[in-house]
Each structure stands twice: as C-alpha cells, then as structure tokens.
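A.B. asks: Quick one, fold the following:
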Amino acid sequence: MGNVLRSIGAVIGRMFRALLLWAIVAGGGAIGWVALQSHRTPNIAEWGLVALVAVIAGLLGAVSTLAWELTHISQISRAARAAHARYVQHQSR
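C.D. replies: Reported below is the predicted structural model:
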C-alpha cells in the first residue's frame, strides 16, 4: 500500500511541476508579447489576461501530464506486479 501511495504522490508532484512550468513559460511569453507589441509593461487589464493565460496553460500542463501517466499505467502495473512477485519469492526463502 505504501508503494501505491508513493507512486500517486509522485504523479501529483509531476503534475504540480508541469502546472508551474507551463504557467511560468506561458505567463512569461504573454508578458513578453504584450511588452513587445505595446512597447510598455502591461496595464491592469492586460495583467488579468496574462494571469488567465498562465492559469490555463498551467492546467493544460497538469492535465497533459496526467494523461501521459494514465497511458503508461499498464507498464507501471506490470512493474509493480513483478516487484511484488520478487518480494514474495524472497520472503518465502
């Protein structure tokens, strides 16, 4: 049970890192785009748009990471079963 909880925690950690990474990159890109187009820093309304872009990009990163993890669940399951079988075999000696 501990291994399952650790693997779930690892998935959640990777999702959180993806959320932060995508939000930072998209937010930085949006700030750069606004600054490049208007030759000034964003005003208050544009900051709201930048924040919205960053949040949406972060959520997209987290969801895509979850989808990636779920597509590989069979490989993870096989590895866990093999590790458990080795453990049981080692304990029976």
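A.B. asks: what sits up against stretch 52-72?
C.D. replies: 11, 14-16, 18-27, 30 (Cβ atoms under 8 Å, 6 or more residues apart in numbering). For every residue, glycine as well, the C-beta is placed using N, CA and C.
A.B. asks: again with stretch 5-14
C.D. replies: So stretch 5-14 is contacted by Thr65, Leu66, Glu69, Ile76, Ala80 (Cβ under 8 Å, 6+ apart).
A.B. asks: list the buried ones in the longest helix anywhere in the chain?
C.D. replies: Using DSSP state H, we find that the single longest helix of the chain is helix 2-38. By 16 or more other Cβ atoms under 10 Å, the buried positions in helix 2-38 come out as Val11, Met15, Ala18, Leu19, Trp22, Ala23, Ala26, Gly27, Ala30, Ile31, Val34.
A.B. asks: And the furthest pair within those?
C.D. replies: Using Cβ to Cβ, the pair of the buried residues of helix 2-38 lying farthest apart is Val11 and Val34, separated by 34.4 Å.
A.B. asks: Run through the protein and note the low-pLDDT ranges.
C.D. replies: 1-4 (pLDDT under 70).
A.B. asks: swap the cut-off to 90 and go again
C.D. replies: Within the chain, the segments meeting pLDDT under 90 span 1-12, 32-46, 66, 68-93.
A.B. asks: tell me the centre residue of it?
C.D. replies: Met15 (2.4 Å; Cα atoms, centre = their mean).
A.B. asks: Could you report the separation of that residue from Leu66?
C.D. replies: Distance, Met15 to Leu66, using Cβ to Cβ, to the nearest Å: 6 Å.
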